[in-house]
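Participant: Starting from these lines, generate the structure:
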Amino acid sequence: MPDPRLLGQALVDLLTLGHPPIAIDFRDTEPNGNRFTGSPVVASCVFWMQAHQGGFSTAADDHHCSVGRFTHGLAEAGEIVDQPDVGALLDVGWVTMEAFAEVAHLSRRPHSIAYGPLSEAPTMPDVVLLRLSPRQMMEIGDAVDVELSGKPQCQILPRAVDRQVIAASMGCALSRARTGMSDEELTCAIPGERLEEVVAALRAVRRADDAVAALA
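Facilitator: Take a look at the predicted model:
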C-alpha cells in the first residue's frame, strides 16, 4: 500500500507547492474526538484553508453553505433549493436552476468529513486537494488527463471521488470571496486511489520540462 505522506511530499517537491496538499475523507462514522471546534465557518471550502494547520473532523451541522452541503452529499437538492442563500444566488443570476441541476454532488451521504494535511494522513484519503499556480496546473495537465469543472468550485470533490477523475477548477467568485484565495490560484482534486499514478506521471513530465528548459 503506497504511503500517502511520502506521495504528498513528492507532490510538494515536484510542483514546488506553496500550500501543502490537503487530505479529505468522507466517512460513514460520526466525527471523532478531533471534532472541529473553531468559529462557525460560512462555507465548506473554508475548511480547505484551515486544514493546512492541522486535522479535524466535521459533521453536517458544521457546514453552513447550502451549496457546499449539497456538493458534499450532506443534503439533497430538495432540501436546499428553498434556502435563503440559494435563493440569493438565483436572484442575482449567479446560477440558474438549469445550471444547478448539472452540479456534481457526492453519491452517498457521509456522517462526517475529515480534513487535514496529507503529510499527517495515516491512510490514503478519498481525495487530495491542491492549491496551484497556472504553471503547476500546466504540469499536472501535461502529466494526466484533467477534467475542468465550472462553478461552484467545491464540486471538484464529488467529481474526483465518484468519477475517479482529476478535477480542476478555476475557482468561483463565491468561494474566492469566502476563502481569500488569490487571483493566481487554481484548485485541483485528485482521487486518493490515483495519487501514486499522478506522482509517477509528474516525475516524467518534470524530467522532460527540465530538459526543454535547458535547451531553451
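Participant: Check which residues of stretch 156-172 are buried.
Facilitator: Neighbour-count burial for stretch 156-172 flags 156-162, 165-169, 171-172 (criterion: 16 or more other C-beta atoms under 10 Å). All C-beta spots, glycine's among them, are computed from the backbone N, C-alpha and C.
Participant: ok, and what's touching that stretch?
Facilitator: Around stretch 156-172, the neighbours that count as contacts under C-beta atoms under 8 Å, 6 or more residues apart in numbering are 24, 26, 71-73, 104-107, 126-127, 129, 137, 140-141, 144-153, 155, 181, 185-191, 193-194, 198.
Participant: on that earlier part again, out of the buried residues of stretch 156-172, which two are the most distant from each other?
Facilitator: The span of the buried residues of stretch 156-172, defined through C-beta to C-beta, is set by 162 and 171 at 21.1 Å.
Participant: for the chain, what spans make up the strands?
Facilitator: With strands called from DSSP state E, the chain shows them at 22-27, 56-58, 112-117, 127-132, 146-149, 166-169, 186-191.
Participant: Dump these into JSON lines; add mean pLDDT and distance to residue 8 as well.
Facilitator: Below are the strands of the chain laid out as JSON lines (pLDDT from 0 to 100; distance: least, C-beta to C-beta, whole Å):
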{"stretch": "strand 22-27", "mean pLDDT": "97", "distance to residue 8": "8"}
{"stretch": "strand 56-58", "mean pLDDT": "93", "distance to residue 8": "18"}
{"stretch": "strand 112-117", "mean pLDDT": "96", "distance to residue 8": "8"}
{"stretch": "strand 127-132", "mean pLDDT": "98", "distance to residue 8": "7"}
{"stretch": "strand 146-149", "mean pLDDT": "94", "distance to residue 8": "19"}
{"stretch": "strand 166-169", "mean pLDDT": "97", "distance to residue 8": "16"}
{"stretch": "strand 186-191", "mean pLDDT": "97", "distance to residue 8": "11"}
